[in-house]
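Novice: output the structure for:
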Amino acid sequence: MFAVVNIAGEQFKVSENTKYYVPRLEGEVDSEITFDQIILFSDGKKTEIGTPTISGKAVQAKILEHLKDEKVIVFKKKRRKSYRRFKGHKQQLTRIEVTKIG
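Specialist: Purely as a prediction, here's the structure:
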């Protein structure tokens, strides 16, 4: 059983009892969160496709932790001009565990 869910503007294919890194979500650690924007749902026998979403279904997940991703380095240089810019960025993430689809 799996579902395609819209989480913070991005689409994720999720299944039960699996962990995912998603963009930063509001909520405390160990709290339950519900996603109701389900785009596609399949139980192995029957597949439902939303227009644009499926009503009556939801995905429940538990927030495990808030963290930062690895640093991405942005380096700009123009040769022979003595121009160099060095920046770094760490994306804010939330680790969730999907507990129930249905």
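Novice: rest of the way, CA atoms for contacts and neighbours
Specialist: Fine.
Novice: got a list of contacts for stretch 24-38?
Specialist: 3-8, 50, 53-55, 57-66, 92-94 (Cα atoms under 8 Å, 6 or more residues apart in numbering).
Novice: okay, and the helix or strand of this protein with the least pLDDT?
Specialist: Least confident helix or strand, the chain: strand 47-54 with a mean of 92, by mean pLDDT, DSSP states H and E.
Novice: what lines up beside it in the sheet?
Specialist: Applying DSSP bridges, strand 47-54 is found paired with strand 38-42 (antiparallel).
Novice: residue boundaries of the strands in the chain?
Specialist: Secondary structure of the chain (DSSP state E): strands at 2-7, 10-14, 19-23, 32-35, 38-42, 47-54, 59-68, 72-78, 83-89, 92-101.
Novice: could you dump the ones you listed to JSON lines with mean neighbour count?
Specialist: Below are the strands of the chain laid out as JSON lines (neighbours: other Cα atoms under 10 Å):
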{"stretch": "strand 2-7", "mean neighbour count": "19"}
{"stretch": "strand 10-14", "mean neighbour count": "14"}
{"stretch": "strand 19-23", "mean neighbour count": "17"}
{"stretch": "strand 32-35", "mean neighbour count": "15"}
{"stretch": "strand 38-42", "mean neighbour count": "21"}
{"stretch": "strand 47-54", "mean neighbour count": "13"}
{"stretch": "strand 59-68", "mean neighbour count": "18"}
{"stretch": "strand 72-78", "mean neighbour count": "10"}
{"stretch": "strand 83-89", "mean neighbour count": "10"}
{"stretch": "strand 92-101", "mean neighbour count": "18"}
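Novice: where does this protein dip in pLDDT?
Specialist: Scanning the chain for pLDDT under 70 picks out nothing.
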